[in-house]
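1. coords please:
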Amino acid sequence: MKILVSAYACEPGKGSEPEVGWQRVRQIARFHQAWVITRSNNRASIEEGLRRNPVANLNFVYVDLPNWARFWKRGNRGVHAYYYLWQVLVYCQAKRLLRHTDFDAVQHITFVNMYVGPWLALIQRPFIWGPIGANPDIPRKYYPLIGPSGIADNQLRSIVRRIAPIVDRMIHIAQKRATRILTINQDVRSRLKPELLPKTVALPQNAIDKQVLSGHHKTHHRPLKILSAGQLVSIKGHRLSLIAFKDHLLCHQESRLEIIGDGPQRSELARLAANLGVSSKVTFLGRIDRDRVLRAMEGNDVFLFPSFEGAGMVVLEAMAKGLPVVCLDFGGPGEYVTEECGIKVPLTEPEEVISGLASGLSRLVTDSELYERLSIGAIRRVRENYLWDRIGDRLNTLYQEIYEETRSEVE
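-> Below you'll find the model as predicted:
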């Protein structure tokens, strides 16, 4: 089959959504001829990635607004507005490609946002949308723990979710035209209209390259070295991490916490650590490249991740390295982690959650059998469910189904 793909974020070795885009198009090219429309500023990373690891059947087309039309975009500032405008370019480029290539299907894969309609849905070919998703709303009782900026972000997301289907006609077009809608998890699938469910499939957004998977589990020892990673923003739950770590230290003074990442909460979190009296036991490593993140996982014992987000690729990376995970039973991490590979804390009252996180860490200090069982289970769960090749196999099955359906309609 010939597949046309739109991937705004697509860069090898960058982690997060750029890595997701890169891995997905590689998986498509395992079985089919793939043409990928992506941003021009991804070109250097992609060409270097292909130089190191060539991929047959994978073709890239780079488009961006001219410099004079995007002077206002700086980093993440204006990214959503730019993303919408960029999709218009994608549609125009797709129409040009269709003049000389008869595609069997088109797919929009990044960003994974269910509240921005993809213009690629206008192309008259079988259309696959997703995986799409959205971060779940943070319960109001947790507002004191996410701070003013977190409250503002959460409320803005709620407003966008209500307004977007009203003002963005492309959402309705995509829902109607899609041959398949892929969602990042069952929670997102449940938010769709009932009439869309028969053509909706839950397919994990994130997975791991088999080369990352550790060949052996962790061995229990003390002191416990705890790792947390993620952009320093409210939805990642770093304030919860620090407060729970303080309670954990009441019984286990020898433990240490490393936090990887940077962001607008950096100074606020450093002040909180000082106010809690744990600064000497917490190290902020800042933003580091993905290879160093993976090495840090190899050098630590437990992954603490009380995030409220809907995905969380870093959780799978930690599991792949054999780290037992302590997280919330909520959102993406709550779906990735089971009792076989980590400790999930129910999202009840904030005080109970903090106590549950601290207790989970302490159990992994005192119970060596539990620790090693969870480490073994973490590697096994990734191997059995979250390797990119497995996701690619499922995606290929889906394409074959669409091909057979389309052929039957023609006949």
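
2. Buried residues, the longest helix anywhere in the chain. List them.
-> In the chain, with assignment by DSSP state H, the single longest helix is helix 143-167. Using 16 or more other C-beta atoms under 10 Å as the test for burial, helix 143-167 gives Y143, L145, I146, G147, G150, I151, D153, N154, R157, V160, A164. For the C-beta atoms, the positions are set from N, CA and C on the backbone; glycine is no exception.

3. How about the contacts made by the second one?
-> Contact partners of L145, counting by C-beta atoms under 8 Å, 6 or more residues apart in numbering, are G237, R239, L240, I243, P350.

4. Equivalent analysis for the first one, please.
-> Y143 sits next to G150, I151, N154 when contact means C-beta under 8 Å, 6+ apart.

5. OK, contacts around the last one?
-> With contacts taken as C-beta under 8 Å, 6+ apart, N154 has the following neighbours: D137, I138, Y143, I146, S234, I235.

6. Over to V282?
-> L242, F245, R256, L257, E258, I259, A273.

7. Just say helix, strand or coil for the fifth one.
-> Read that as E258. Under DSSP: H, G, I helix; E, B strand; the rest coil, E258 falls in the strand class.

8. Quick check: the gap between it and R292.
-> 12 Å (C-beta to C-beta, to the nearest Å).

9. more neighbours, the two?
-> E258 (17 against 12; other C-beta atoms under 10 Å).

10. wait, is I128 part of a strand?
-> Yes: counting by three-state DSSP, I128 is part of a strand.

11. how many neighbours does it have?
-> By other C-beta under 10 Å, the residues close to I128 number 26.

12. Next: A7.
-> 27.

13. Over to P194?
-> Neighbours of P194 under the rule other C-beta under 10 Å: 6.

14. Make 37 the starting number, not 1.
-> Let's use 37 as the start, then, which means that last one is P230.

15. Phi and psi next, for it.
-> As for P230, its main-chain torsions (degrees, to the nearest 10) stand at phi -50, psi -40.

16. just the helices in the stretch 87-236 of the chain please.
-> Applying DSSP state H, counting those that start in this stretch to the stretch 87-236 of the chain gives helices spanning 115-133, 179-203, 205-213, 222-226.

17. Indicate which one of these is closest to R88.
-> Within the helices of the stretch 87-236 of the chain, the stretch nearest R88 is helix 115-133; the backing value is 26.7 Å (C-beta to C-beta).

18. Tell me the buried residues in the closest one?
-> Within helix 115-133, the residues that qualify as buried are Y118, Y119, W122, Q123, V126, Y127, Q129, A130, L133, counting by 16+ other C-beta under 10 Å.

19. what do you get for stretch 272-283?
-> If you call a residue buried by 16+ other C-beta under 10 Å, then stretch 272-283 has these buried ones: K272, G273, H274, R275, L276, S277, L278, I279, A280, F281, K282, D283.

20. chain center to that stretch: distance?
-> 21 Å (C-alpha atoms, centre = their mean, to the nearest Å).

21. residues in contact with it?
-> The contact list for stretch 272-283 (C-beta under 8 Å, 6+ apart) reads 181-183, 262, 264, 266, 268, 291, 293, 295, 297, 301, 305, 308-309, 312-314, 317-318, 340-345, 364, 389-391, 393-394, 397.

22. Can you select the buried ones from the residues you listed in PyMOL?
-> The PyMOL selection below is limited to those of the contacts of stretch 272-283 classed as buried (16+ other C-beta under 10 Å):
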select buried, resi 181+182+183+262+264+266+268+291+293+295+297+301+305+308+309+312+314+317+318+340+341+342+343+344+345+364+389+390+393+394+397
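
23. ok, and the closest non-adjacent residue to D204?
-> With C-beta to C-beta, 6 or more residues apart in numbering as the criterion, D204 has its nearest non-adjacent residue at 4.9 Å, and that residue is G153.

24. what are the phi and psi angles of that neighbour?
-> With angles defined as degrees, to the nearest 10, G153 sits at phi -70, psi 140.

25. in terms of contact, does it touch K212 like I think?
-> No: applying C-beta atoms under 8 Å, one finds G153 not in contact with K212, separated by 10.7 Å.

26. More neighbours: which of the two?
-> Comparing G153 with K212 by neighbour count (other C-beta under 10 Å), the higher total belongs to G153, at 23 against 11.

27. show me what contacts the more buried one?
-> D204, R205, M206, I207, H208, I209, A210.

28. Please report the distance of the second one from T146.
-> When C-beta to C-beta is the yardstick, R205 and T146 sit 22 Å from each other.

29. Mark out where each domain of the chain begins and ends.
-> Structural domains assigned to the chain are 38-243+423-446, 246-421, following automatic domain parsing.

30. any idea which of those domains is most buried?
-> Greatest average neighbour count among those goes to domain 246-421 (a mean of 20), per mean count of other C-beta atoms under 10 Å.

31. thinking again about what came up before, and the furthest pair within the buried residues of helix 179-203?
-> So, those by C-beta to C-beta: farthest apart are L181 and A200, at 27.2 Å.

32. Which pLDDT value goes with W108?
-> W108 carries a pLDDT value of 67.

33. mind listing the strands in the stretch 187-336 of the chain by residue range?
-> Here the stretch 187-336 of the chain has its strands, by DSSP state E, counting those that start in this stretch, at 214-219, 236-238, 261-265, 292-296, 318-322.

34. now the last one: mean pLDDT?
-> When you say that, I think you mean strand 318-322. 96.
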